[in-house]
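Visitor: with the sequence up front, the predicted model follows.
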Protein chains: 2
Amino acid sequence: MCSYKQLLEKVQTLFASENFMGNPAQLYEPIKYTLSLGGKRIRPVLLLAATDLFGGDIEAACPAAIGIETFHNFTLLHDDLMDKSPIRRGQPTVYRKWNENIAILSGDAMNILAWRYFLKQPHKNLHQILSTFEKTSMEICEGQQYDMNFETRDDVTKNEYMEMIRLKTAVLLAGALKIGALYADAPDDDIEQIYNFGIFIGLAFQLRDDLLDAYGDVSTFGKQTGTDIKDNKKTFLLLHAIEKCDKNQQEELRRLFSYTPADPSHKIERVLEIYDSLDIRTDVENEIGKLHSQASTCLDAIHRSNNDKQPLRELAESLLERNV
Amino acid sequence: MCSYKQLLEKVQTLFASENFMGNPAQLYEPIKYTLSLGGKRIRPVLLLAATDLFGGDIEAACPAAIGIETFHNFTLLHDDLMDKSPIRRGQPTVYRKWNENIAILSGDAMNILAWRYFLKQPHKNLHQILSTFEKTSMEICEGQQYDMNFETRDDVTKNEYMEMIRLKTAVLLAGALKIGALYADAPDDDIEQIYNFGIFIGLAFQLRDDLLDAYGDVSTFGKQTGTDIKDNKKTFLLLHAIEKCDKNQQEELRRLFSYTPADPSHKIERVLEIYDSLDIRTDVENEIGKLHSQASTCLDAIHRSNNDKQPLRELAESLLERNV
């Protein structure tokens, strides 16, 4: 069994040894750039951890691990273009460093490149692996569309939000785990459990992200805090606050989330005051705890030893208790 | 054996019976819209024709036929966005009817949807079928990038142009034929011949397109003629003319292709005068004839009866002698 740290090193070595170049250079340079920016490499690590958990051959699953991270980075590349985000991982995004058309086309090529990696290694479960990848990919597009729809709606519910983040974020963690398990030819009931483990972890991961954006320590989080409030984003925090507060606060929140002042500091401060008066932070921490415990129940049900499950347990904890 | 007409009817029935909808509707409506606009459906017809030629089961290849057309339409959707083309098949393009972000995301989803269709039907050659599709898809992105690169270069050669249209246009016709042949489990040497047949047909098809844009009859072609000249596009006609003409004409052509007058009619007229003085039209007709004959040599070499090859022969003729 590999530890979480060993798996991460394995993934980092994989990415360092891939070239990602081809002709014409103008198509492949943005791909290489995007895939070299780093990041936490959560999805490929999850994939290999699942293969390892079920005693599979990690080497055979490595191309798929690169493939799933390539797909993830493709979605970030196109999302950054759609959101007009100038910076990703401290560097200019592709559409800013090059231009919009380069971002569209190199993203399209990355989407296809992901399939190339998945097809590199024949495997008896390949049809199921590819079908899982395809279903997951499509669900992520659906999640992104729901997210875009929510921008212009003011009646989004917490349930709708959870379904959106299930599609946009959780299914890729779950899909990575399921694919890893398929490489190890794990039994069906264990595959279902590890998939659901991924869903709960993914949901909790996104709620942690929402919390960090509002309450994170800039020096450790690395990103500006309060950007969701500044950008009038409907996060779990806001939707929960709107559900919990009285009519006056609801009106104030709706007003605060409907304008974009040049200096957002007072707006952010006032929103956080309302959140604090409603104990939103505690409630979301509790929600994360609940999801984490549901994830643990799924992991417990898997027919492997406790010791074998340690890397995934660690990984879940590092994702949910992180402050970065 | 099915005739070309029967195969086209089969493909049209296939598309008419697919729903293409899902949730959220905002993601799937542009997909349904794009796939319902029609078009010549050349690629799925080629795919099924190849399956039929080698005695395969057309029904088993039908999802792949939908998949290849879905992929083709995804590339048109994103190309229209990148080129800012307002009209496709007489209707507003997706980015105009909706917006740019919807065009990016629904295109991404169509790229994935193509894989869904390819994965619908298990097949003993599925790994090779999917690898062919992946390679073809990536080559089309490469071709599109070369095309974009050519816009800002003034030293593009005829050879570079032929390589660009091989990637951007020909490999998808060739790939469709190869995939169809793989569904019929055709022998390797025949697969190579039918692939090359597709490449030659594809190159000739694009040269015919270039010719029609300059010399087509608006009433039958359905599109405005002279748009390539108006838009300063480096077509085979221009590159051949530049290669063939004297220094004075070369300078005039470069000057004509470096500005965009409000009324392009005089510019178009003058370019066509130069083309005519150089017999460009005849040369390109001859080039198309040569490619057509190279395609026929490939088709002849395939180990099937002349009668069985009739639909593909017809299809090639209809593509290359078309005036629409």
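Guide: Nice, I can see it.
Visitor: dump the residue contacts of the residue lying farthest from the centre of chain A.
Guide: Distance from the C-alpha centroid of chain A peaks at residue A:248, with 34.8 Å (Cα atoms, centre = their mean). Residues counted as contacts of residue A:248 (Cβ atoms under 8 Å, 6 or more residues apart in numbering or on different chains): none. Placement of C-beta: from N, CA and C, glycine included.
Visitor: tell me which helix or strand comes right after the helix or strand it falls within.
Guide: In this assignment (DSSP states H and E), residue A:248 forms part of helix A:247-256. Once helix A:247-256 ends, the next helix or strand along the chain (criterion: DSSP H and E) is helix A:265-277.
Visitor: enumerate the positions of the helix or strand just after that next one that are buried.
Guide: Per DSSP H and E, the first helix or strand lying C-terminal to helix A:265-277 is helix A:280-301. Residues of helix A:280-301 classed as buried: A:280, A:283-284, A:287-288, A:291-292, A:294-296, A:298-299 (neighbour count, 16 or more other Cβ atoms under 10 Å in any protein chain shown).
Visitor: how far away is residue A:131 from residue A:210?
Guide: Separation of residue A:131 from residue A:210 (Cβ to Cβ, to the nearest Å): 31 Å.
Visitor: same drill for those two, tell me which one is more crowded.
Guide: residue A:210 (21 against 16; other Cβ atoms under 10 Å in any protein chain shown).
Visitor: how about the contacts made by the spatially closest residue to that one that is not a sequence neighbour?
Guide: Computed as Cβ to Cβ, 6 or more residues apart in numbering or on different chains, the closest residue to residue A:210 that is not its neighbour in sequence is residue A:235, at 4.2 Å. When the contact criterion is Cβ under 8 Å, 6+ apart, the partners of residue A:235 are A:161, A:210, A:213-214, A:228.
Visitor: distance check, residue A:235 against residue A:257.
Guide: Going from residue A:235 to residue A:257 by Cβ to Cβ gives 10 Å.
Visitor: if we can go back for a sec, quick one: which of the contacts of residue A:235 is nearest to chain B?
Guide: residue A:161 (13.9 Å; Cβ to the nearest Cβ).
Visitor: I'd assumed residue B:122 was in contact with residue A:127.
Guide: Yes: taking contacts as Cβ atoms under 8 Å, residue A:127 lies within contact range of residue B:122: 6.0 Å.
Visitor: ok, these two, which is more surrounded?
Guide: More crowded of residue A:127 and residue B:122, by other Cβ under 10 Å: residue A:127, with 16 against 8.
Visitor: the helix or strand containing the more buried one: what's the following helix or strand?
Guide: According to DSSP H and E, residue A:127 maps onto helix A:126-151. Beyond helix A:126-151 on the C-terminal side, the first helix or strand identified by DSSP H and E is helix A:158-165.
Visitor: buried sites along that following helix?
Guide: Those would be A:161-162, A:164-165, for helix A:158-165 by 16+ other Cβ under 10 Å.
Visitor: ok, so of those residues, who is nearest chain B?
Guide: residue A:164 (9.6 Å).
Visitor: what sits against the residue nearest to the closest one when sequence neighbours are not counted?
Guide: Nearest residue to residue A:164, sequence neighbours excluded (Cβ to Cβ, 6+ apart): residue A:146, at 4.2 Å. The contact partners of residue A:146, by Cβ under 8 Å, 6+ apart, come to A:160, A:163-164, A:167-168, B:24.
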